[in-house]
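1. give me coordinates for this.
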Amino acid sequence: MHACFAGERLLCAQAFHGGSMMSNLYKFPPSMLHTPAAFTPLIDVPEPAPAAADTLTFVFHRGRLLLQAADLALPTPVQLAALDIDLSRAQPVGRWQGRYCQTVWRDEEHLPADMGLAYHGLRSLFNAVDDGFLGLASRAVQLAEWARTHRYCGVCATPMQRARGERCFKCVACGMLAYPRISPAMMVLIRKGDQVLLAMHKNSPSQRFSPLAGFLEAGESIEEAVHREVMEEVGLRVHNLQYFMSQSWPFPHSLMIAFTADYLDGEIRLDENEIAEARWFGPGDAWPEATSSVSISALLVRAHRAPAAG
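-> Next comes the predicted model:
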């Protein structure tokens, strides 16, 4: 994979959608969480190893990123050394703006008060740091957590070793392979004439209305998941599924795959364990507050919201 992969995604989107409105939408809005185009992924540590001054190190503790309290910059090499962080277990992330990026976790939460460092949840950094930096942090946290949770084989408890040439841990005793965990999830905006269906999920951190969403089950296609989730959550049947776009979402390791679909039949019947409220919104309605612009959810709704009458 090369640094131009973002451009290749745009060309694929243009071909898939015939150069329509979607090809323009596929150029991620500046605020939307995404990998920066000038980033080159790396699986192995470069040889010779980059100098500390040319390395950006993402350090996480329980999913929170360690940053300078004053300017939200990454820790310096001197600070990393003072914290006694074991960089031998750091994982390659890639190159960005000419610098090597790596990620590592820290077991201890305590930070010396005089170091000027603090942990930050990634959600708290939305619209607070550079979008490219936040996109890399969302990749780095998933790799750090994968490495932290796969230090030992889940079959025989033997210490795992990194395989060269692929993003994988391997058990030298039993051959068990462990790849980064990615959990695919569908999202769908249901259209009914000039109305769209939005729902408030009970477990949503923001408690805002958004398109329906849910994780895939084992052995299930993404299309099957759309139909199942819609029926389970709101009791409707849909048809005419159309792919919209996808987004990596690091809370904790999701790949959101978004669709639109047309209403077929049924009356709204809520799964009260999952959905607090669901209703149709159209041009004459008072629309709810939009979800965060960093997510694919906001883009999906904005792209298909009918203009107000008059």
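2. pLDDT weak spots in this structure?
-> 1-31, 291, 308-310 (pLDDT under 70).
3. swap the cut-off to 50 and go again
-> Within the chain, the stretches with pLDDT under 50 are 1-26.
4. okay, domains of it per the record?
-> Following automatic domain parsing, one gets these domains for the chain: 31-149, 150-180, 183-304.
5. okay, these in CSV with mean neighbour count next?
-> Glycine gets a C-beta too; all of them are placed from N, C-alpha and C. CSV is the format used below for the domains of the chain (neighbours: other Cβ atoms under 10 Å):
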stretch, mean neighbour count
domain 31-149, 16
domain 150-180, 14
domain 183-304, 17
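6. from the contact counts, what lies against the helix or strand hosting R139?
-> Using DSSP states H and E, R139 falls within helix 131-148. Using 3 or more Cβ pairs under 8 Å, 6 or more residues apart in numbering; DSSP states H and E, the elements in contact with helix 131-148 are strand 39-41, strand 55-61, strand 91-96, strand 99-105, strand 237-249.
7. could you rerun that using 7 Å?
-> Here helix 131-148 touches strand 55-61, strand 91-96, strand 99-105, going by 3 or more Cβ pairs under 7 Å, 6 or more residues apart in numbering; DSSP states H and E.
8. need those in a markdown table (columns: distance to L80).
-> Output for the helices and strands packed on helix 131-148, formatted as a markdown table (distance: least, Cβ to Cβ, whole Å):
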| stretch | distance to L80 |
| --- | --- |
| strand 55-61 | 6 |
| strand 91-96 | 15 |
| strand 99-105 | 9 |
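9. M200: which of those strands is closest?
-> Of all these, strand 55-61 sits nearest to M200, with 30.3 Å by Cβ to Cβ.
10. identify the bridge partners of Y152.
-> Beta-bridge pairing for Y152 (DSSP bridges): P159.
11. so it sits right up against M160, yeah?
-> Yes. The criterion here is Cβ atoms under 7 Å, and Y152 meets it with M160 at 6.3 Å.
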